[in-house]
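S.K.: Sequence first, predicted coordinates after that:
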Amino acid sequence: MILGLIPARFASTRLPGKPLVDLGGQTMIQRVVAQARQAQLSRVVVATDDERILRHVHDFGGEAVLTRPEHPSGTDRLWEAFQQLGSPAEVRCIVNIQGDEPFIHPAQINALTDLFQDPAQSPDIATLVKPVVSEEELFSPHLPKVVLSAQGKALYFSRHPLPYQRQQVPGDWLQHHRYLRHLGLYAYKPAVLEQLTRLPVSPLEAAESLEQLRWLEAGYQIQCAETELDAFGIDTPEDVERARARLAAG
C-alpha cells in the first residue's frame, strides 16, 4: 500500500486560507487531491489544522484528518496524520504531496513511488530533482539546487548554485555543467518518517533554511528521481493570478 498525504494549513503569512483559494471553479486543495488520485497511490488523505478545510475536503468527497495546529513542519503534521489513520503495517511508503501545487503531475508522484516497488531495494527517503534550464533558475535562492552521487543519492542541497565552477564566469556555468534543482515532493518509509520527526534542527538546516539538510546531517540517505516536469507552487496573490491565467489558457 502506498499512502499519499497532503499537508494543508489555513494560516499563511502571504496568503491566508491558501488551500481554499478558488482556481477556475475549484479550490486549490481540491485540485491537488484530484491530481494525486490519478497517481499510483492506494489512498489520498489531506492532513489539515483547520475545520474549514476538513469540512471542505469532505464536501467534495475527499478524505481528511484534523491535526494539531502547532506543528513546526509539514513532516510533523504528516506523522500525526499517519498515526490517526491507524499506522497500517502494510503501508510501503508515505508520499508527502505539497498542498499548494495544484498542477502537480501524477507522473511526478509515480517517479517516487516506483522507487519503493521492491521492498528489499527501497530507499529510506526519496525526492524529485529537475534539470536547471536557465540562469534565472540557477541563481535564484528560492529554487534549491542539489548535487548527487553517481548512484543518484543527494550529497547536498543549497540555495546557492552547486558546484562552484572556479575556472568559469557565472554566466557560462550552465554551458559547462548539468545543474539540478530540487522539487519539494518526498516519499518515506513509515518508520523513517517517525525518526525524522524526532531530529532537532541542525546547523546546516539553520544556515540554508532547508529541512532536508537536517536529514543528511543525521546520516539518512535521500534517493533522487529525475523529472522534466516543472513545479508550480502558490505562495502569493500574484501566484494565484498566474495559476488562474494558466487555467484560462487551457
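M.R.: Okay, I see it.
S.K.: what stretches of this protein score poorly on pLDDT?
M.R.: Applying pLDDT under 70 to the chain flags residues 87-88.
S.K.: can you pull out the helices in it?
M.R.: In the chain, the helices defined using DSSP state H lie at 28-36, 51-59, 74-84, 106-113, 135-139, 173-176, 190-196, 203-208, 212-217, 237-248.
S.K.: CSV for those helices, including mean neighbour count and distance to residue 226?
M.R.: Where C-beta positions appear, they are placed from N, C-alpha and C, glycine not excepted. Below are the helices of the chain laid out as CSV (neighbours: other CB atoms under 10 Å; distance: least, CB to CB, whole Å):
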stretch, mean neighbour count, distance to residue 226
helix 28-36, 22, 20
helix 51-59, 16, 31
helix 74-84, 20, 23
helix 106-113, 20, 8
helix 135-139, 15, 15
helix 173-176, 14, 17
helix 190-196, 17, 22
helix 203-208, 14, 22
helix 212-217, 21, 16
helix 237-248, 13, 24
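S.K.: Among these, which comes closest to residue 149?
M.R.: helix 212-217 (11.8 Å; CB to CB).
S.K.: returning to what we had before: identify whichever of the helices of the chain lies nearest to residue 182.
M.R.: That would be helix 212-217 among those, by CB to CB, at 7.7 Å.
S.K.: elements contacting the longest strand seen in the chain?
M.R.: Criterion DSSP state E: the longest strand present in the chain is strand 180-188. If you count contacts as 3 or more CB pairs under 8 Å, 6 or more residues apart in numbering; DSSP states H and E, strand 180-188 packs onto strand 93-96, helix 106-113, strand 125-131, strand 145-148.
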